[in-house]
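*Asks:* from the sequence below, what's the structure:
(chains A and B, ligands or ions: 3)
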Amino acid sequence: MLLSPNDAQSCLKCGKCTSGCDINRLDPSFIPHRLIHLVTMGMVADSISEYSIWKCSTCFTCSERCPQRIKVTEILWMLKEKAFKEGKSPDFVSKQSEIIKTHAKLFPISDKDNARRQKAGLPVIEEYPDGLANLRQILGDK
Amino acid sequence: MDYALYLGCAIPIKALKYELSARNIAARFGINLIDLKCFTCCGFPVKSMDNLAALYLSARNLVIAESQGLDIVGLCSGCVATLSEAIIMLEDINLRKEINGLLKKEGIGQYKGILKVRHLAKILSKDTILEQISNNISFDLTNKCLAIHYGCHYLKPSEAHGKLEDVNRPTSISKIVKAIGAKEIDYDLKSQCCGLTMMSADESIAYQLAGSKLKDIAEKGADALIVACPSCCVAFENNQKIACKAVDTTLSMPVLYYTQLMGLAIGMSDKELGFEFNRVAFKW
Ligand code: SF4
Ligand code: SF4
Ligand code: SF4
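*Replies:* Ligands and ions are numbered 1, 2, ... in the order given. As a prediction, the model looks like this:
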């Protein structure tokens, strides 16, 4: 199953996720356990309006530390997903989404890249020919 | 041993030195890396957009290798973590059904769940290979002090990586450093993230993360930083100047992939190891 807000319910508010978070150390306004707490209170709408969710580096340190085995990193991903779907994500996310919907890759390969590869003795990489329909359908062909 | 080589999006463009050295060192030890067509993004960036779409992307890559009867070897830690996580998620029968429905529409076969995904470093750090390395040293590195950045996704989530090593005390790359005769240095910020994945959201924090780590290893006397992931390499090598500036320092810290290090020790050529692409020069 994909994660849902229920998967955060067992949170003890112990703050162990936050105390191991590199991003929190540099930016005290990013507080993972507060975001998890909002989710457990059914306040997902509030949490996805916070720009700070995008600052998570997805390092998984919090998930490894959580005494309740809550997948903190994944819950934050779920919040990003909800924010994206409601049009509340920063511009860089929609840009990335457009690239991926067109090329099925975040860094599409150009002829120039392939020429560089060949010069270095590496094989040519072909663009992905088809099968993007599914992806476009799920991601929404806006 | 045959494996499907999964390169992902970043390596073919941003990490030619890693790809070259990986292919050449693998060949040297009888690891046959096979290129398959039609691989796409592993799904990692798509998790912020749609988790089902991300899982579908992971699954279609898995199926492409699985239908050839091959396990996957990855070079990028982010890709390996994402594909490995997908394997666990797809143990859920209903989710697997849904994904297989999508795969059917694409017409590339069904996911069976019989393949494994491994990071190349985990294979190259096996004792049998390291013994061969130690017995074939032709370039002396005994006076070198090396710092290792394992990288978050190389180790975590531990469940996805099959709990193969202790997240807090990893050993695989340390064993490589030992086998080539160099000294591994310990440092305070060893487990700190490179910051690259959150660069778009907050540059200043990302640069501080990379910069503080570089500063830490320099103070501890490191001659180079060893990495195993193209994103980490970009954070510490391509962005080194600006990352150092973020922590008020200037450094010229060489960054090498573990594959380059192994090749160097056993006398492989600069060309085979892609050293022309290293941005911070080093004369060893
Ligand atoms: S570590 Fe786990 S239980 Fe503790 S606050 Fe964070 S999410 Fe809640
Ligand atoms: S995954 Fe995100 S929230 Fe968790 S420790 Fe890393 S940066 Fe912090
Ligand atoms: S250190 Fe950075 S690039 Fe490397 S695996 Fe972790 S998040 Fe990814």
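
*Asks:* who touches residue B:263 in this structure?
*Replies:* Neighbour list for residue B:263: B:21, B:24, B:25, B:28, B:272, B:273 [criterion: CB atoms under 8 Å, 6 or more residues apart in numbering or on different chains]. Where you see a C-beta, it was placed from the backbone N, CA and C, and this is true even at glycine.

*Asks:* pretty sure the fifth one contacts residue B:24?
*Replies:* Yes. Using CB atoms under 8 Å, residue B:272 is in contact with residue B:24, at 4.4 Å.

*Asks:* please list the residues of chain A that sit near ligand 2.
*Replies:* Residues of chain A lying close to ligand 2 by CB under 6 Å from any ligand atom are A:20-21, A:23, A:32, A:56-62, A:72-73, A:76.

*Asks:* go again with 8 Å.
*Replies:* Neighbours of ligand 2 within chain A, by CB under 8 Å from any ligand atom: A:17-18, A:20-24, A:30, A:32, A:55-63, A:65, A:72-73, A:76.

*Asks:* how many other residues sit next to residue A:118?
*Replies:* 11 (other CB atoms under 10 Å in any protein chain shown).

*Asks:* should've said residue B:163
*Replies:* So residue B:163, with other CB under 10 Å, has 10 neighbours.

*Asks:* for residue A:59, see how far away it is.
*Replies:* Counting by CB to CB, to the nearest Å, the separation of residue B:163 from residue A:59 is 18 Å.

*Asks:* if you count neighbours, what's buried in the host helix or strand of residue B:5?
*Replies:* Assessed by DSSP states H and E, residue B:5 sits inside strand B:2-6. If you call a residue buried by 16 or more other CB atoms under 10 Å in any protein chain shown, then strand B:2-6 has these buried ones: B:3, B:4, B:5, B:6.

*Asks:* list the contacts of it.
*Replies:* For strand B:2-6, contacts defined as CB under 8 Å, 6+ apart pick out B:23, B:31-36, B:39, B:42, B:61, B:64-65, B:68, B:70-75, B:79, B:83, B:117-118.

*Asks:* do the same with stretch B:80-94
*Replies:* Here stretch B:80-94 makes contact (CB under 8 Å, 6+ apart) with A:1-2, A:60, B:6, B:42-44, B:47, B:54-55, B:58-59, B:61-62, B:72, B:74, B:95-96, B:99, B:111, B:113, B:115-119, B:153-154, B:156-157, B:159-162.

*Asks:* the residue in the stretch 51-200 of chain B that ligand 2 sits nearest to: what's it in contact with?
*Replies:* When scored by CB to the nearest ligand atom, the stretch 51-200 of chain B has residue B:193 as its residue closest to ligand 2, at 6.7 Å. By CB under 8 Å, 6+ apart, the contact set of residue B:193 is A:22, A:57, A:59, A:61, B:151, B:152, B:209.

*Asks:* all helices for chain A, in order.
*Replies:* A:16-19, A:22-26, A:32-40, A:44-48, A:61-65, A:72-85, A:91-103, A:111-120, A:132-139 (DSSP state H).

*Asks:* what helices or strands is the second one leaning on?
*Replies:* Taking 3 or more CB pairs under 8 Å, 6 or more residues apart in numbering or on different chains; DSSP states H and E as the contact definition, the neighbouring helices and strands of helix A:22-26 are helix B:203-219.

*Asks:* quick one: is the next helix or strand after the helix it packs on near chain A?
*Replies:* Later in the chain than helix B:203-219, the nearest helix or strand by DSSP H and E is strand B:224-227. No. Judged by CB under 8 Å from any CB of the partner chain, strand B:224-227 makes no contact with chain A; its nearest approach is 15.2 Å.

*Asks:* quick one: list the elements packing against strand B:224-227.
*Replies:* Looks like strand B:224-227 contacts strand B:145-148, strand B:255-257, helix B:258-265 (3+ CB pairs under 8 Å, 6+ apart).

*Asks:* that one pairs with which strands?
*Replies:* Strand B:224-227 pairs in its sheet with strand B:145-148 (parallel), strand B:255-257 (parallel), by DSSP bridges.

*Asks:* where do the strands sit along the stretch 101-250 of chain B?
*Replies:* With DSSP state E, counting those that start in this stretch as the criterion, the stretch 101-250 of chain B has strands at B:117-119, B:145-148, B:183-184, B:224-227.

*Asks:* outside of the third one, which residues touch it?
*Replies:* The set of residues external to strand B:183-184 that reach it, using CB under 8 Å, 6+ apart, is B:142, B:144, B:145, B:146, B:147, B:148, B:174, B:177, B:178.

*Asks:* now do the contacts for residue A:44.
*Replies:* By CB under 8 Å, 6+ apart, the neighbours of residue A:44 are A:5, A:38, A:79, A:82.

*Asks:* same question, residue B:273
*Replies:* B:17, B:20, B:21, B:24, B:259, B:260, B:263, B:264.

*Asks:* so residue B:262 sits against residue B:181, correct?
*Replies:* No. Residue B:262 lies out of contact with residue B:181 (CB under 8 Å); the separation is 11.5 Å.

*Asks:* so those two - more neighbours on which side?
*Replies:* Under the criterion of other CB under 10 Å, the comparison of residue B:262 against residue B:181 puts residue B:262 first, with 27 against 16.

*Asks:* what separation do you get for that one and ligand 3?
*Replies:* Going from residue B:262 to ligand 3 by CB to the nearest ligand atom, to the nearest Å gives 20 Å.

*Asks:* residue A:126 too?
*Replies:* For residue A:126, the distance to ligand 3 - CB to the nearest ligand atom - is 26 Å.

*Asks:* the closest residue to that residue other than its chain neighbours: how many residues sit nearby?
*Replies:* Take residue A:126 and drop its neighbours on the chain: the residue closest to it by CB to CB, 6 or more residues apart in numbering or on different chains is residue B:37, 6.4 Å away. Neighbours of residue B:37 under the rule other CB under 10 Å: 9.

*Asks:* so what's the closest residue to residue A:128 other than its chain neighbours up against?
*Replies:* Once flanking residues are discounted, residue A:128 sits nearest to residue A:104: 4.6 Å by CB to CB, 6+ apart. Residues in contact with residue A:104 (CB under 8 Å, 6+ apart) are A:128, A:131, A:132, A:135, B:40, B:41, B:57.
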